[in-house]
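*Asks:* Attaching a predicted model along with its sequence, questions to come.
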Amino acid sequence: MEIQINEHAFEGRQVELNETAGKKQVAFSFDVTSETYHDVTTLLYKNDFQLNIPEKSLSFPATILEYATSTANLYEKGNTSEFYLKLGEK
């Protein structure tokens, strides 16, 4: 499922949509390559997002609730790491 964070598109896997205390949450995994690592982490460090999921007609301002990565060294060319994000509505 395509998930857009500040107009940057990710192919989300294991997407979970929830609502807690009246606020929307989205959790998903996606791959990051050594070639895209810098752009993705620069985006995530901002921690101020507009989240869009076109397939679900869902859009809201969000911040990171949880963040994890697999242990691949993305400084080595050709490596891929799995990132996990849980974003919550502001």
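*Replies:* Thanks, I have it. Numbering: from 1, shown residues only.

*Asks:* For the rest of this, base every contact and every neighbour count on C-alpha atoms.
*Replies:* OK.

*Asks:* Regarding the closest residue to residue 86 other than its chain neighbours, what is its secondary structure?
*Replies:* What sits nearest to residue 86 in space, not counting adjacent residues and going by Cα to Cα, 6 or more residues apart in numbering, is residue 27, at 4.0 Å. With DSSP: H, G, I helix; E, B strand; the rest coil as the basis, residue 27 sits in strand.

*Asks:* what number of residues lie near residue 27?
*Replies:* Neighbours of residue 27 under the rule other Cα atoms under 10 Å: 20.

*Asks:* residue ranges for the helices of the chain, please.
*Replies:* Along the chain, counting by DSSP state H, helices occupy 37-46.

*Asks:* quick one: low-confidence parts of it?
*Replies:* For the chain, no stretch has pLDDT under 70.

*Asks:* ok, the residue lying closest to residue 78 once chain neighbours are set aside - contacts?
*Replies:* Nearest residue to residue 78, sequence neighbours excluded (Cα to Cα, 6+ apart): residue 34, at 6.0 Å. With contact set as Cα atoms under 8 Å, 6 or more residues apart in numbering, residue 34 has these partners: 74, 75, 76, 77, 78, 79, 80.

*Asks:* Next up, phi/psi of residue 34, please.
*Replies:* phi -60, psi -30 (degrees, to the nearest 10).

*Asks:* That one and residue 75, how far apart?
*Replies:* Look at residue 34 and residue 75: by Cα to Cα, to the nearest Å, they are 6 Å apart.

*Asks:* what's the answer for residue 90, then?
*Replies:* Going from residue 90 to residue 75 by Cα to Cα gives 32 Å.

*Asks:* Next: residue 10.
*Replies:* Between residue 10 and residue 75 the computed distance is 20 Å (Cα to Cα).

*Asks:* which one of those two has more residues nearby?
*Replies:* Neighbour totals were compared for residue 10 and residue 75, and residue 10 leads with 17 against 12 (other Cα under 10 Å).
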